[in-house]
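# Mind folding the following:
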Amino acid sequence: MNGLRSWIARRLLLGAVQTAAVVLLVFALTEALPGDAAVAFAGDQPDPERIAAVREAMGLDRPAHERLADWVTGLLHGDFGTSLTSGRPVSGFLADGFGPTLLLATLTVLLLVPVGVGLGVLAARHEGRFTDRLISSATLGVYAVPEFALGVLLVSVFALRLGWLPPTAVGYGTGLLEHPSVLVLPVLVLLARPVCSLARLVRAGMIEALAAPYTAHAERYGISGARIRYTHALPNALAPATQQLARTIDWLLCGVIVVEALYVIPGLGTVLMNAVADRDIPVVQGLAVVFGLATVVLNLGADLVTHRLAPRSAVAA
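You can find the predicted model right below:
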């Protein structure tokens, strides 16, 4: 128990260090963005006095370390700052876009786990045979297709040519659950590559686990094949797959930007793209911090689950 508590404490300390690094990196990168926000907001052909007044109003005339200290203090109190373009709190933008993005990510993960694990187990059971070769070839081929290309292809076939599904979410607002047909194509695009990577990883883990000495030992004791596969081999195969699932959810935070732009879904990805186009630095910083914190938390959770499924993997880590 003491060993487990020490391991959890080390992981939490690592997460705190990673969080601090994310905050510093986000601030440094946004500071390094080309252009001048004051010039952008001063209007067409502004005079130097106007630019100086806008810069002072935005606080951009203050030293970077003072602005960083104020921003970090606000983050510690849950204040992400204020939008430069609209004057709204950044938390309002996060709240507006959080629902659609969370819906897309949740539906994707709920389908990803059973489909990816099921395909991996099925391929491992038929290792070297037609089913295995079919699943391996299909997952490799789909994984090679970029998200935007797959999204355009699905829109061309199922929306424009066949007319089965709407091509975008324009006109549906944020009530996407009331129109589930709008979600089909975005979820398929988000699901395609993660399913392929998870299935191939589960397949490899299952094959390795089924070839382990303890599997042969269990067979000699007369334990059924189904019990060996799902009670003994599958948990060991899922340990590395759990970490891959956390990385997949991280990827969803990035992939959702492409999908939301392609299907015009008003989520966090769309908010981020609009903020970048408007040089709305506080909104960009707030979204980047949220994405970074989500990555840290998900990886910590994956470490805990992996430790529970296969404690020896923590020793290797």
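
# Now P89, what are its backbone angles?
Phi and psi for P89, reported as degrees, to the nearest 10, are phi -60, psi 140.

# What residues are recorded as beta-bridge partners of it?
Residues in a beta bridge with P89, per DSSP bridges, are T82.

# Do I have it right that it meets G78?
No - with contact defined as CB atoms under 8 Å, P89 does not reach G78; the gap is 10.2 Å. Where you see a C-beta, it was placed from the backbone N, CA and C, and this is true even at glycine.

# Show me which of those two is the more surrounded one.
It is P89, of P89 and G78, that has more neighbours when counted by other CB atoms under 10 Å, with 17 against 7.

# Any figure for the gap between A192 and T108?
Using CB to CB, to the nearest Å, A192 is found at 10 Å from T108.

# Contacts for stretch 272-289 next, please.
Defining contact as CB atoms under 8 Å, 6 or more residues apart in numbering, one finds that stretch 272-289 is touched by 22-23, 26-27, 29-30, 33, 35, 37, 40-41, 71, 75, 80-85, 90-91, 93-94, 257, 261, 268, 271.

# And that stretch, end to end?
Across its full length, stretch 272-289 reaches 12 Å between end residues, using CA to CA, to the nearest Å.

# tell me the mean pLDDT over it?
The pLDDT scores in stretch 272-289 average 82.

# For it, list every residue counted as buried.
Within stretch 272-289, the residues scored as buried using 16 or more other CB atoms under 10 Å are 272, 275, 278-289.

# how deep is R50 tucked in, by neighbour count?
The burial count for R50: 15, using other CB under 10 Å.

# what's the offset of the helix or strand containing it from the middle of its chain?
Using DSSP states H and E, R50 maps to helix 48-58. How far helix 48-58 lies from its chain's middle: 38 Å, per CA atoms, centre = their mean, to the nearest Å.

# Same check on stretch 199-217?
Chain-centre distance of stretch 199-217: 28 Å, with CA atoms, centre = their mean.

# how close does the nearest residue to E147 once chain neighbours are set aside sit to A169?
Nearest residue to E147, sequence neighbours excluded (CB to CB, 6 or more residues apart in numbering): V258, at 5.0 Å. V258 is 14 Å from A169, where distance means CB to CB.

# These two: who's more crowded?
More neighbours surround A169 than the other of V258 and A169, with 23 against 17 (other CB under 10 Å).

# Model confidence for that one, exactly?
77.

# Could you do L24 as well?
Here the pLDDT value assigned to L24 is 87.

# ok now do it, which residues does it touch?
Neighbouring residues of L24 by CB under 8 Å, 6+ apart: L68.

# what's the helix or strand for it?
helix 2-31.

# now, which of the buried residues of stretch 272-289 lie within helices?
Within these, residues falling in helices by DSSP state H are 272, 275, 281-289.

# need those in JSON lines with distance to I207, can you?
Conversion of these to JSON lines gives the following (distance: CB to CB, whole Å):
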{"residue": "L272", "distance to I207": "40"}
{"residue": "A275", "distance to I207": "46"}
{"residue": "I281", "distance to I207": "49"}
{"residue": "P282", "distance to I207": "50"}
{"residue": "V283", "distance to I207": "47"}
{"residue": "V284", "distance to I207": "44"}
{"residue": "Q285", "distance to I207": "45"}
{"residue": "G286", "distance to I207": "44"}
{"residue": "L287", "distance to I207": "41"}
{"residue": "A288", "distance to I207": "40"}
{"residue": "V289", "distance to I207": "41"}
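
# how far is stretch 95-102 from where the chain is centred?
Offset of stretch 95-102 from its chain centre (CA atoms, centre = their mean): 14 Å.
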